[in-house]
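*Asks:* Give me a 3D structure for the following:
(2 chains)
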Amino acid sequence: MLTFKTQKNTVKNRTKKFSQPLLIASLLTLGLAACGDNDNKTPVITEEEVVVTVPDVTVVPVMEYGYSVTVTNLTYAQPLSPVALTLHGDAKMWEVGQKASIALENLAEGGDNLAFLALTSNIATISSEGAVPPGASVTLDITTTDAMATYFTVATMLVNTNDAFSGLTGVDISTLAIDQEKSWNLNVYDAGTELNNEAAGTIPGPADGGVGFDAARNDIDLVGYHSGIVSKDDGLSSSVLTQAHRFDNPAVKLTITRTK
Amino acid sequence: MKVFKQSPIKSTLSVLALALASSTTMAQELSVTVTNLTQGLHFTPVITAAHTSDSNIFMAGEIASAELQAMAEGGDISGLSSVLTNADADVNENPAAGLLAPAMSASFTLMTDAANTHLSVAAMVLPSNDGFAGLDSWEIPTEAGTYTVFLNAYDAGTEANDEVRGGGAPGVAGMPVPPPLEDLIGMNGTGITDMESNTKVHIHRGSLGDSDLEAGTSDINNSVQRWLNPVAKLTITVQ
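*Replies:* All right, here's what the predicted structure looks like:
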């Protein structure tokens, strides 16, 4: 912190004080430009002296913010696609009642988060290296020096579905203190971009090995909460899914801890 | 019911609000948004009320009142509205001006009297026999801020969940079929069950449905009109 004040008729220590290059701009503003850094002669000060307090470190280090995010798959048989974690400004990447972006559609239908991570609103991004099996957890560490990156988003597909995903978007973490953590139990969304017909060839996960992203939108085309898997064991004879692929809310546990 | 305090507001405002709220006996202004989280259910006209701590429009584990039954079986909130108004509650009715469609939201402002410290909400879910999204006596925070409350689907316990077309009047079997539902649900279902062995209000077990819109046991479409809880979200800003 740089503070200064003016005092009349005192001349103590002025040479030392004036030796700080940092002060030149301040001095110029006070009209004392005649006093050079290495000038050992008494500066021309007739009535006022500038007393300046400067920090010991004159170069302010760049502030770095770090967060550790752990995602736990709470389902029985729904692997989670590679988990996308992003830091950004005040924005939501999806909202109930709104159309899904193409990037979200890619993630929710095919488990492909490349476009989602590339959204221009993102400031910092990271993805887990692979899928997160049922019962498993993954921890992602993310850092940024951008003071505007005070919101975070996590998104991942439940891969044995047509277009189900879970996550949390646009959550303000600006008040999170270092070592403070917050947790959520996350529900499952439906991107609304693909009918939940559970049909062979439409599900990218291991239960089917079918097509992921399809640009055609044949469902409600509004993001909402998922109604769950029906399965061929519970009345949807055309389904490739079994009772084992059903899930309930919550499907994911998420914990964020600020690390720096 | 899960309740989150979503975003703590600026500390200066908090301090101010706490100072103002030092007595809980004060009127409040609430900005409320109700969101239908589902992609396959319509909500009948929503009723929201701030009332005293000893009032309830329903309680899990208790027999439904006749007024709750009328709402849950047919979407008629006039009875609940009368009861609440007579109890000096602050009531908002039908903010969506009709059915609240899947994934849609409706917003309104509710001015609450000092004594009305608790909030309740109800709306029938369609298609169902007597299912409703409900919130029973959520204590309204006195601290200014924005709060999120998730609502589950309850079963009024007053009608068998046969899941076939029928009527919405209390005691009439089957599901009411207002215009938008006419084209969305099936027909000729033979009926899932004619029993309602739990006659108290309880968490709805969900619809079964089937994948045959022309026949089968149910007129509910099993890949669209089932649900998982929660089914609705309230976003409440306390001024």
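
*Asks:* Tell me if I'm right that residue B:84 and residue B:51 touch.
*Replies:* Yes. Under the criterion of C-beta atoms under 8 Å, residue B:84 makes contact with residue B:51 at 6.3 Å. Every residue, glycine included, has its C-beta placed from N, CA and C.

*Asks:* Contacts only, for residue B:223.
*Replies:* A:195-198, A:227, A:230, A:236, B:209, B:211 (C-beta atoms under 8 Å, 6 or more residues apart in numbering or on different chains).

*Asks:* next helix or strand past the single longest strand found in chain B?
*Replies:* Secondary structure of chain B read by DSSP state E shows that its longest strand is strand B:145-155. Counting by DSSP states H and E, the element after strand B:145-155 in chain order, helix or strand, is helix B:179-182.

*Asks:* which residue sits closest to residue 238, ignoring its sequence neighbours?
*Replies:* By default, I'm working from chain A. Nearest residue to residue A:238 in three dimensions, chain neighbours excluded: residue A:199, at 5.6 Å (C-beta to C-beta, 6 or more residues apart in numbering or on different chains).

*Asks:* um, chain B though
*Replies:* residue B:144 is the one closest to residue B:238 (C-beta to C-beta, 6+ apart), at 5.2 Å.

*Asks:* Kindly report the same for residue B:222.
*Replies:* Nearest one to residue B:222, counting by C-beta to C-beta, 6+ apart, is residue B:209 at 3.2 Å.

*Asks:* Over to residue B:172?
*Replies:* Here the residue nearest residue B:172, using C-beta to C-beta, 6+ apart, is residue B:166, at 6.1 Å.

*Asks:* Would you mind listing what in chain A touches chain B?
*Replies:* A:96-97, A:172, A:175, A:185, A:187-188, A:190, A:192, A:195-198, A:219-220, A:222-228, A:230, A:234-238, A:248-249 (C-beta under 8 Å from any C-beta of the partner chain).

*Asks:* and the end-to-end length of stretch A:195-214?
*Replies:* Across stretch A:195-214, the terminal residues are separated by 11 Å (C-alpha to C-alpha, to the nearest Å).

*Asks:* Buried residues, it. List them.
*Replies:* A:195-199, A:202-205, A:207-208, A:210, A:212-214 (16 or more other C-beta atoms under 10 Å in any protein chain shown).

*Asks:* Please, where are all the strands along chain B?
*Replies:* B:3-7, B:28-36, B:42-43, B:47-51, B:90-93, B:105-112, B:118-126, B:131-139, B:145-155, B:202-203, B:232-238.

*Asks:* Same question for the stretch 1-150 of chain A.
*Replies:* Counting by DSSP state E, counting those that start in this stretch, the stretch 1-150 of chain A has strands at residues A:3-8, A:48-53, A:65-73, A:84-88, A:122-127, A:137-144.

*Asks:* any chance of these in a markdown table, with mean pLDDT and mean neighbour count too?
*Replies:* Putting these into a markdown table (pLDDT from 0 to 100; neighbours: other C-beta atoms under 10 Å in any protein chain shown) gives the following:
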| stretch | mean pLDDT | mean neighbour count |
| --- | --- | --- |
| strand A:3-8 | 38 | 10 |
| strand A:48-53 | 64 | 16 |
| strand A:65-73 | 98 | 20 |
| strand A:84-88 | 98 | 25 |
| strand A:122-127 | 98 | 18 |
| strand A:137-144 | 98 | 16 |
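
*Asks:* about what we covered before: could you export the contacts of residue B:223 as a markdown table, including secondary structure, distance to residue B:233 and pLDDT?
*Replies:* Converted to a markdown table, these look like this (DSSP: H, G, I helix; E, B strand; the rest coil; distance: C-beta to C-beta, whole Å; pLDDT from 0 to 100):
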| residue | secondary structure | distance to residue B:233 | pLDDT |
| --- | --- | --- | --- |
| A:195 | coil | 24 | 97 |
| A:196 | coil | 21 | 98 |
| A:197 | coil | 27 | 98 |
| A:198 | coil | 26 | 98 |
| A:227 | coil | 16 | 98 |
| A:230 | coil | 24 | 98 |
| A:236 | coil | 27 | 97 |
| B:209 | coil | 24 | 98 |
| B:211 | coil | 29 | 96 |
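
*Asks:* My read is that the residue nearest to residue B:172 contacts residue B:175, right?
*Replies:* Yes. Using C-beta under 8 Å, residue B:166 makes contact with residue B:175 at a distance of 5.7 Å.

*Asks:* Neighbour count for these two, which is higher?
*Replies:* residue B:175 (30 against 18; other C-beta atoms under 10 Å in any protein chain shown).

*Asks:* coming back round to it: now, which of the buried residues of stretch A:195-214 sits nearest residue B:140?
*Replies:* Closest approach between the buried residues of stretch A:195-214 and residue B:140, by C-beta to C-beta: residue A:196, at 37.0 Å.

*Asks:* What residues does that closest one make contact with?
*Replies:* A:161-163, A:190, A:219, A:226-227, A:230, B:223-224.

*Asks:* burial count for residue B:103?
*Replies:* 24.

*Asks:* Tell me if I'm right that the residue nearest to residue B:238 and residue B:239 touch.
*Replies:* Yes. Judged on C-beta under 8 Å, residue B:144 makes contact with residue B:239 at a distance of 6.3 Å.

*Asks:* Give me the more crowded residue out of the two.
*Replies:* Neighbour totals were compared for residue B:144 and residue B:239, and residue B:144 leads with 19 against 11 (other C-beta under 10 Å).

*Asks:* what's the pLDDT at that one?
*Replies:* With respect to pLDDT, residue B:144 scores 96.

*Asks:* cool, residue B:26 as well?
*Replies:* At residue B:26 the predicted local confidence, pLDDT, stands at 79.

*Asks:* what's the answer for residue B:73, then?
*Replies:* 98.

*Asks:* With mean neighbour count as added columns, please give the strands of chain B in TSV.
*Replies:* Conversion of the strands of chain B to TSV gives the following (neighbours: other C-beta atoms under 10 Å in any protein chain shown):
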stretch	mean neighbour count
strand B:3-7	13
strand B:28-36	21
strand B:42-43	26
strand B:47-51	25
strand B:90-93	18
strand B:105-112	17
strand B:118-126	25
strand B:131-139	23
strand B:145-155	21
strand B:202-203	13
strand B:232-238	20
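
*Asks:* Among those, show the one with the smallest mean pLDDT.
*Replies:* strand B:3-7 (a mean of 44).

*Asks:* roughly how far out does the longest helix that chain A contains sit from the chain middle?
*Replies:* In terms of residue count, the longest helix belonging to chain A (DSSP state H) is helix A:102-110. Taking C-alpha atoms, centre = their mean, to the nearest Å, one finds helix A:102-110 lying 18 Å from the centre of the chain it belongs to.

*Asks:* Also stretch A:228-243?
*Replies:* For stretch A:228-243, the distance to the chain centre is 36 Å (C-alpha atoms, centre = their mean).

*Asks:* what does that stretch rub up against?
*Replies:* Counting by C-beta under 8 Å, 6+ apart, residues outside stretch A:228-243 touching it are A:160-161, A:196-200, A:203, A:207-208, A:210, A:245-248, B:206, B:208-211, B:222-223, B:226-228.

*Asks:* Out of the contacts of residue A:196, which end up buried?
*Replies:* A:161-163, A:190, A:219, A:226-227, A:230, B:223-224.

*Asks:* show me the contacts for the nearest residue to residue A:253 once chain neighbours are set aside.
*Replies:* Counting by C-beta to C-beta, 6+ apart, residue A:72 is the residue found nearest to residue A:253 once chain neighbours are left out, at 4.2 Å. The contact partners of residue A:72, taken as C-beta under 8 Å, 6+ apart, are A:136-137, A:252-254.

*Asks:* for residue A:125, same thing?
*Replies:* Here residue A:125 is in contact with A:84-87, A:117, A:142 (C-beta under 8 Å, 6+ apart).

*Asks:* joint contacts of residue B:166 and residue B:175?
*Replies:* With C-beta under 8 Å, 6+ apart as the test, residue B:166 and residue B:175 both reach residue B:129.
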